[in-house]
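Participant: build the 3D model from these lines:
(4 chains)
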Amino acid sequence: MKLFEIVTEPINTNELIQKVEKREAGAITTFIGTVREFTNGKRTVYLEYQAYVPMAEKMLAQIGEEITSKWENAIVAITHRIGSLDIGEAAVVIAVSSPHRKAAYEANEYAIERIKQIVPIWKKEIWEDGQEWIGDQLEKTSYQNGLPKMEKE
Amino acid sequence: MKLFEIVTEPINTNELIQKVEKREAGAITTFIGTVREFTNGKRTVYLEYQAYVPMAEKMLAQIGEEITSKWENAIVAITHRIGSLDIGEAAVVIAVSSPHRKAAYEANEYAIERIKQIVPIWKKEIWEDGQEWIGDQLEKTSYQNGLPKMEKE
Amino acid sequence: MITVLLFAQLQEQLQKDKLPLEMDRISVRELKEYLKEEFGLVRVTEAMVAINEAYALEDDEIKSGDIVAIIPPVSGG
Amino acid sequence: MITVLLFAQLQEQLQKDKLPLEMDRISVRELKEYLKEEFGLVRVTEAMVAINEAYALEDDEIKSGDIVAIIPPVSGG
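Facilitator: Next up is the predicted model:
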């Protein structure tokens, strides 16, 4: 069972939930990042995701370690899909279990923020009248000033 | 399709996700509250949930309205199960979709906090050597000073 | 007649989930007092009351025909 | 030989996902400069570099045999 993986097929949320279930857990949170039809008023036809797969899986695992060190007893599973995705399809699913709910929410949100900072995955938006790889120009990330922060705070 | 319901059978998380999916959503969060084996060091054998069903469903719907007024375009579905639940089974599942992820996390957490404040559902813990209806004595809720708060903040 | 619904520990204490009371009008506060005196439901003091599925205040009036629920501190989720 | 992996807009610009460079040693900073001058990869300046799947600093040394990835600002999730 791989807790952190990049896949090309649709993601099964239930499988991720099963990966983190345990008798000690009282709370499981999941986050599903789906392909939205409109971004900044522009209609997306579909998305194309690309990854540097081996490093992306390593970075996902690193996020898992960061979470375990911040939230004791939290268990995390993350799957990110690459390739062509239609509107409504899940690009990423994060599942976190924890004995207590607060940690399950916080750790889950931490995971998606970190994914957007350090995991080598790129998204291309395809519109009716063009396409563009998304990076700096729309998001706030920029590496011009050095390394992506390896730890929040 | 009922967005807010009390059921006696196991909850299907995927069904809740489907209830809130839409093309405008970029984020879906789910919370699954499961039966934990140990609470305060004491081993639970199983839980028994009871509800004042018609009012509980009304209160869940009210929480949905509160969320819609606080987080524009969020869609919420909540199912709470009653009856006997074994360790690991889901007592409650909350699904929230939103165009943006921050709102999906916040609205979801708001929902579970409100459930614990205003929805007439009661839990009995059954241990190897006894049983008890959970209320004031372990949780922080007390109604001695009047109505449960109808709005947070 | 006023119908009083009981849940959780209160239901177990009286071994019934419903109390039909031959009353015409009573305030929430008076009803709680009555249930405590008449049925020994001491924990009713920490309970909320709902009239026809909506939370009520201590001074609210209950009328014949109303369904009244005694809501001990909830513990769902 | 150093292998340089390209992704996203850089990959599309050169129409290839891999550049084998006949080099023995070069710093990350020098490599970026080289890719900009030699291949016109202007946007390499805003990219991170990973050596053997780990993020590297501008002064880190790349040796023959290393796999170097040019990582433009990521946009996963």
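Participant: so A:Ala90 touches A:Arg36, yeah?
Facilitator: No. Using Cβ atoms under 8 Å, A:Ala90 makes no contact with A:Arg36, being 11.6 Å away. In short, each C-beta sits where N, CA and C put it, glycine included.
Participant: give me the more crowded residue out of those two.
Facilitator: A:Ala90 (21 against 18; other Cβ atoms under 10 Å in any protein chain shown).
Participant: list phi and psi for that one.
Facilitator: When quoted as degrees, to the nearest 10, the phi and psi of A:Ala90 stand at phi -80, psi 130.
Participant: list the contacts for the residue in chain C that chain D sits nearest to?
Facilitator: Distances between chain C and chain D by Cβ to the nearest Cβ are smallest at C:Gly77, namely 28.6 Å. For C:Gly77, the residues meeting the contact criterion (Cβ atoms under 8 Å, 6 or more residues apart in numbering or on different chains) are B:Gly33, B:His80, B:Ala91, B:Val92, B:Ile112, B:Ile115, B:Lys116, B:Val119, B:Ile121.
Participant: which of the residues you listed are close to chain C?
Facilitator: Residues of the contacts of C:Gly77 in contact with chain C (Cβ under 8 Å from any Cβ of the partner chain): B:Gly33, B:His80, B:Ala91, B:Val92, B:Ile112, B:Ile115, B:Lys116, B:Val119, B:Ile121.
Participant: got the residues of chain C near chain B?
Facilitator: Near chain B, when you scan chain C using Cβ under 8 Å from any Cβ, you find C:5, C:7-9, C:11-12, C:45-48, C:50, C:53-55, C:57-58, C:69, C:71-77.
Participant: can you tell me the closest non-neighbouring residue to C:Val68?
Facilitator: C:Val4 (5.0 Å; Cβ to Cβ, 6 or more residues apart in numbering or on different chains).
Participant: residues in contact with that neighbour?
Facilitator: C:Val4 touches C:Lys18, C:Leu19, C:Pro20, C:Leu21, C:Leu31, C:Leu35, C:Val68, C:Ala69, C:Ile70, counting by Cβ under 8 Å, 6+ apart.
Participant: just the buried ones from those?
Facilitator: Neighbour counting by 16 or more other Cβ atoms under 10 Å in any protein chain shown classes C:Leu19, C:Leu21, C:Leu31, C:Leu35, C:Val68, C:Ala69, C:Ile70 among those as buried.
Participant: so which strand or helix has the last one?
Facilitator: In this case it means C:Ile70. If you go by DSSP states H and E, C:Ile70 is part of strand C:67-71.
Participant: what lines up beside that strand in the sheet?
Facilitator: For strand C:67-71, the paired strands and their directions (DSSP bridges) read strand C:2-5 (parallel), strand C:48-51 (antiparallel).
Participant: just give me the neighbour total for residue 50.
Facilitator: Since no chain was named, I'll use chain A. 21.
Participant: I was thinking of chain C, sorry if that wasn't clear
Facilitator: Neighbour tally, C:Ala50, other Cβ under 10 Å: 22.
Participant: one more: A:Gly130?
Facilitator: 8.
Participant: what of A:Glu37?
Facilitator: So A:Glu37, with other Cβ under 10 Å, has 17 neighbours.
Participant: got the phi/psi numbers for the closest residue to it other than its chain neighbours?
Facilitator: In this structure, A:Glu37 finds its nearest non-sequential neighbour in B:Arg23, 4.3 Å apart by Cβ to Cβ, 6+ apart. Backbone geometry at B:Arg23, expressed as degrees, to the nearest 10, gives phi -60, psi -20.
Participant: give me the pLDDT for B:Arg23.
Facilitator: pLDDT recorded at B:Arg23 is 91.
Participant: ditto for A:Met1
Facilitator: pLDDT at A:Met1 comes out at 88.
Participant: can you find the helix or strand of chain A with the lowest average pLDDT?
Facilitator: strand A:38-39 (a mean of 88; mean pLDDT, DSSP states H and E).
Participant: what about A:Gln62, is that helix, strand or coil?
Facilitator: helix (DSSP: H, G, I helix; E, B strand; the rest coil).
Participant: now swap in the one 3 residues further on and tell me
Facilitator: For A:Glu65, the reduced secondary structure class is helix; criterion used: three-state DSSP.
Participant: so what's the residue count around it?
Facilitator: Around A:Glu65 there are 10 residues (other Cβ under 10 Å).
Participant: ok, C:Glu33 next?
Facilitator: The number of residues near C:Glu33, taken as other Cβ under 10 Å, comes to 14.
Participant: end to end on stretch A:77-87, go ahead and measure it.
Facilitator: One end of stretch A:77-87 sits 24 Å from the other (Cα to Cα, to the nearest Å).
Participant: my bad, should have said stretch A:86-102
Facilitator: Rule used - Cα to Cα; the end-to-end distance of stretch A:86-102 is 33 Å.
Participant: now do the buried residues in it.
Facilitator: Under the neighbour-count rule (16+ other Cβ under 10 Å), stretch A:86-102 has A:Ile87, A:Ala90, A:Ala91, A:Val92, A:Val93, A:Ile94, A:Ala95, A:Val96, A:Ser97, A:Ser98, A:Pro99, A:Arg101 buried.
Participant: tell me which two of the residues you listed sit farthest apart.
Facilitator: A:Ile87 and A:Pro99 (36.9 Å; Cβ to Cβ).
Participant: thinking again about what came up before, make a PyMOL selection of the buried ones in the residues of chain C next to chain B.
Facilitator: In PyMOL, a selection of the buried entries from the residues of chain C next to chain B looks like this (16+ other Cβ under 10 Å):
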select buried, chain C and resi 5+7+8+9+11+47+48+50+55+69+71+72+73+74+75+76+77
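Participant: take the residues of chain C next to chain B and keep only those in helices.
Facilitator: Members of the residues of chain C next to chain B lying in helices (criterion: DSSP state H): C:Ala8, C:Gln9, C:Gln11, C:Glu12.
Participant: what's the neighbour count on the closest residue to the second one other than its chain neighbours?
Facilitator: Distance criterion Cβ to Cβ, 6+ apart; nearest residue to C:Gln9, sequence neighbours excluded, is B:Trp133 at 4.4 Å. The number of residues packed around B:Trp133, counting by other Cβ under 10 Å, is 21.
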